[in-house]
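Asker: Okay, predicted coordinates and the sequence, questions at the end:
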Amino acid sequence: MKTMWASIRFLARAGVLVGVVVLFGGCAGRGPSPMYVARISIHDQAMQIEKDGKPIKRFPVSTSRFGIGDEPRSFRTPLGRFIVAEKIGDGVPVGGKFYHRRFTGEVVNVALCRRQDYQPRTDSILTRILRLKGLEPHNRNAYRRGIYIHGTNEEQLVGQPSSYGCIRMRNYDILDVYNMLPVGSEVIIQKEPLPSSYPPSAEQVMAAVSATGKPVAAASSPSVRRARPIGEDSTP
């Protein structure tokens, strides 16, 4: 009887050990998650997404029409290092309108937001919200001020300073960024231009290969490219 119980205890310990090895072996096999950083340039009115230190995508944005700063009720865009403190909007349709970070149930037709003659009555926050928290003394008010990266109902103004302090984006662009940046991701807002060297888009690569049979080199002075073509109005 003692021999039987000793065998059972041995097998139980062995089973636990195998489970631990499988668990940690699986984790090691997956490797570390990629690190994403969003870098925003006031000069360029553009955001660059970097994955493990390498730029992978750019989007046009709009920062404050009132300039830069972190003073409460200044309507200015703060500079420096931030983290994504909250992500708000999972499951909300494109064009979904938020009030005090809650979906109101109203959905704005984002195709109208792209028209140059469109004049909305209000400055609306649409689609998704990334709420920022400052990491430095000169941007410590950002979280309380409600500085977000968010979709806008004034897409025709994206690419020029037009916000009231937040970082505005086109609605399909904020979807892409929202899906790339987990909570805790670093966001850097700087006055300086983004680096001039930038990987070519898939369209540029295909065009160059078709024309010459050789891959295209990185562009020396790229324009801000859109994640989706103007006029597309379908949920990805």
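Answerer: Sure thing, it's come through.

Asker: show me where the chain has helices.
Answerer: Under the criterion DSSP state H, the chain contains helices at 2-30, 110-113, 142-145, 171-180, 202-212.

Asker: mean pLDDT for those: which is lowest?
Answerer: Here the lowest mean pLDDT among the helices of the chain goes to helix 2-30, at a mean of 46.

Asker: could you pull out the strands for the protein?
Answerer: Per DSSP state E, the chain carries strands over the ranges 36-41, 46-51, 54-60, 80-88, 96-99, 102-107, 125-134, 148-152, 167-169, 186-190.

Asker: Next one: Asp176 from Ile149, what distance?
Answerer: 12 Å (Cβ to Cβ, to the nearest Å). Just so you know, the C-beta spots here come from the backbone N, C-alpha and C atoms, and that holds for glycine as well.

Asker: separation between Gly105 and Tyr99?
Answerer: Counting by Cβ to Cβ - Gly105 and Tyr99 are separated by 10 Å.

Asker: still on that earlier bit, adding distance to Arg114, mean pLDDT and mean neighbour count, write the strands of the chain out as TSV.
Answerer: As requested, those are exported to TSV (distance: least, Cβ to Cβ, whole Å; pLDDT from 0 to 100; neighbours: other Cβ atoms under 10 Å):
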stretch	distance to Arg114	mean pLDDT	mean neighbour count
strand 36-41	22	97	20
strand 46-51	18	97	19
strand 54-60	12	96	18
strand 80-88	24	98	17
strand 96-99	17	96	18
strand 102-107	16	96	12
strand 125-134	13	98	24
strand 148-152	11	97	27
strand 167-169	13	98	28
strand 186-190	25	98	20
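
Asker: now those in a markdown table, with distance to Ser196?
Answerer: Shown next, in a markdown table, are the strands of the chain (distance: least, Cβ to Cβ, whole Å):
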| stretch | distance to Ser196 |
| --- | --- |
| strand 36-41 | 11 |
| strand 46-51 | 11 |
| strand 54-60 | 11 |
| strand 80-88 | 22 |
| strand 96-99 | 36 |
| strand 102-107 | 39 |
| strand 125-134 | 26 |
| strand 148-152 | 24 |
| strand 167-169 | 22 |
| strand 186-190 | 15 |
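
Asker: Glu71 is nearest to which of these?
Answerer: strand 125-134 (12.7 Å; Cβ to Cβ).

Asker: Which other helices and strands does that closest one contact?
Answerer: Judged by 3 or more Cβ pairs under 8 Å, 6 or more residues apart in numbering; DSSP states H and E, the packing partners of strand 125-134 are strand 80-88, strand 96-99, helix 110-113, helix 142-145, strand 148-152, helix 171-180.
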